[in-house]
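[1] build me a model:
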Amino acid sequence: EALRDGDGPVPLSDELARLLTARHVICAIFPAMRRGDRQLRENAQLLIRSGCRIALATDDIEHSGVETWGRETVRALKTLVEFGMTPVQALTAATRNGAIAAGAEREYGTLEVGKRADVLVLGANPLADISNIEQLEIVVHQGYVIDRSGARLSGGAGD
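    Below is the predicted model of the structure:
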């Protein structure tokens with residue numbers, strides 16, 4: 001958004017992209033809502049090609065149930081891959097880099113002892129095809145195993 005003038009987004013220069021990368025700036029990309037905006041897409045692709053550390057930004061406010069929650073994030077991840085990231089880079093943007101950008105990397109962002117995490121168990125490998133992130137089987141949230149319908153199967157402090 002900072003790279004806008006009165007007529008819309010302005011092109012990002014190669015020099016600025018190199019500077020952002022060299023200074024290890026985390027650039028949040030909000031791809032899903034702006035897929036049709038050619039200049040924003042080109043700016044995002046330049047940052048990705050430059051090796052800039054990317055964090056995924058979304059506006060995932062649709063929390064009406066298990067069937068809809070996270071759909072914007074899924075679309076955004078797929079769009080990052082369309083923009084030129086590998087699936088592992090896109091997943092890192094959504095997890096570790098997002099936690100770093102939020103100043104919370106000690107608390108979440110990677111699976112490590114002592115960190116908080118929800119774990120998604122997928123039915124297919126998202127590194128082979130980013131669309132496989134839609135193959136959700138179960139979620140482990142706060143120690144509870146939850147199936148696709150939202151039913152708590154097991155876990156938690158009392159189980």
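[2] wait, what's in contact with the residue most central in space within the chain?
    Closest to where the C-alpha atoms of the chain average out (C-alpha atoms, centre = their mean) is Ala94, at 2.6 Å. Residues in contact with Ala94 (C-beta atoms under 8 Å, 6 or more residues apart in numbering) are 55-56, 73, 76-77. Where C-beta positions appear, they are placed from N, C-alpha and C, glycine not excepted.
[3] show me which of those residues is closest to Val140.
    Closest approach to Val140 among these (C-beta to C-beta): Thr73, at 17.4 Å.
[4] the closest one contacts Leu56, correct?
    Yes - counting by C-beta atoms under 8 Å, Thr73 touches Leu56, with 7.3 Å between them.
[5] out of those two, which sits in the busier spot?
    Leu56 (24 against 16; other C-beta atoms under 10 Å).
[6] low-confidence stretches in the protein?
    1-8, 32-36, 59-69, 155-159 (pLDDT under 70).
[7] let's see that with 90 instead.
    1-11, 29-41, 57-76, 111, 113-114, 116-120, 136-159 (pLDDT under 90).
[8] so where's the longest strand in it?
    strand 136-141 (DSSP state E).
[9] so what are the sheet partners of that one and their directions?
    strand 119-122 (antiparallel), strand 144-147 (antiparallel) (DSSP bridges).
[10] just checking: what are the partner strands of the next helix or strand after the last one?
    Which is strand 144-147. Sequence order places strand 152-155 as the next helix or strand after strand 144-147, per DSSP states H and E. The strands beside strand 152-155 in its sheet (DSSP bridges) come out as strand 144-147 (antiparallel).
[11] CA-only coordinates of the partner strand, as CSV, when you get a sec.
    Only the C-alpha atoms of strand 144-147 are listed here, as CSV (Å, rounded to 0.1, in the frame of the first residue of the first chain):
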residue,chain,number,x,y,z
TYR,A,144,-7.6,-31.7,20.8
VAL,A,145,-7.9,-33.8,17.6
ILE,A,146,-10.7,-32.4,15.5
ASP,A,147,-12.0,-34.0,12.3
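[12] thinking Ala124 is in contact with Asn132, fair?
    Yes - at 3.8 Å, Ala124 counts as touching Asn132 under the criterion of C-beta under 8 Å.
[13] now Thr110. Its backbone dihedrals?
    Dihedral pair for Thr110: phi -140, psi 160, per degrees, to the nearest 10.
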